[in-house]
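> 3D model of this:
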Amino acid sequence: MLDLIILSLHFFLCFLISVVIWRGPKDEDLHSSSTGTVQREPDGLILIGKEDDIKRSQRVAAKINGREIVVFYNEGKFHALDSRCYHEGGPLRLGEIEDIDGQACIVCPWHKYKIVLETGEGLYEGINPLEPSPTPKWQSKGVKQRIHKVTIDNGNVYVSPPDLSVSFDSDYFADKYKNSGDLAMEK
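Residues are numbered from 1 along each chain as shown. Below is the predicted model of the structure:
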């Protein structure tokens, strides 16, 4: 009988957690009309939202010309990057931020890949087997995730359009999910 009560309690807690996740922060789609044009400022910057709102929520997801991005506010700084992880397209907007060797990193919720918010570098923990007592150290895989320049002006947060003349590993999944409506479906 006690097992049945514990099992029922477990299912009830799982239900509550799923409701909290389902009712979580909503994403924004920045298309200004059905034609898919984006609200741009005269200098080419794209308005993401109000500075105070993003500081409060710590992150906001948006689409720029169909491309999913996420803007994080962490330790007094804004960071913007492609919303899909370079590894397998995991939704970075759902990941946790961790400090790794003094660098703020987003951890992909699917496979726990770590990406430096400031640079887009992928990190891994490796050892040098030639050392007498090898100890794991964080090392860079190089820049894998496209980052976007963030500008703050008069209480608004803007992102510069991506420079597509340079490619990054995350571009594959940015293109794969482009215009898919995925952000809207997960609301």
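
> show me how far stretch 162-178 is from its chain's centre.
When C-alpha coordinates are averaged (CA atoms, centre = their mean, to the nearest Å), stretch 162-178 and its chain have centres 14 Å apart.

> now the end-to-end length of it.
14 Å (CA to CA, to the nearest Å).

> got it, and stretch 111-131?
Using CA to CA, the span of stretch 111-131 from its first residue to its last is 29 Å.

> list the buried ones in that stretch?
Using 16 or more other CB atoms under 10 Å as the test for burial, stretch 111-131 gives 113-117, 119-123. In this view, the C-beta of every residue, glycine as well, is placed from N, C-alpha and C.

> which of these lies closest to residue 56?
Nearest to residue 56, judged by CB to CB, of the buried residues of stretch 111-131 is residue 117 at 18.4 Å.

> average pLDDT across the strand or helix carrying residue 173?
Residue 173 is located in helix 171-176, with elements delineated by DSSP states H and E. Across helix 171-176, pLDDT averages out at 93.

> other SSEs contacting that helix?
If you count contacts as 3 or more CB pairs under 8 Å, 6 or more residues apart in numbering; DSSP states H and E, helix 171-176 packs onto strand 77-82.

> restricting to C-alpha, output the strand it packs on in PDB.
This file holds the C-alpha atoms of strand 77-82, laid out as PDB (Å, rounded to 0.1, in the frame of the first residue of the first chain):
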ATOM      1  CA  LYS A  77      26.400  41.200 -19.700                       C
ATOM      2  CA  PHE A  78      24.200  40.500 -22.700                       C
ATOM      3  CA  HIS A  79      25.100  37.600 -25.100                       C
ATOM      4  CA  ALA A  80      23.400  36.500 -28.300                       C
ATOM      5  CA  LEU A  81      23.900  33.300 -30.200                       C
ATOM      6  CA  ASP A  82      22.200  30.900 -32.500                       C
END
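
> any buried residues in the helix holding residue 173, and which?
Residues of helix 171-176 classed as buried by neighbour count (16+ other CB under 10 Å): 171, 173-174.

> for residue 69, state which of the residues you listed is nearest.
Distances from residue 69 to those, taken as CB to CB, are shortest for residue 174 (8.5 Å).

> dump the residue contacts of residue 79.
With contacts defined as CB atoms under 8 Å, 6 or more residues apart in numbering, the neighbours of residue 79 are 71-73, 104, 117-118, 147, 150.

> buried among those residues? Make that a ChimeraX selection.
Buried residues among those (16+ other CB under 10 Å), as a ChimeraX selection:
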select :71,72,73,104,117,147,150
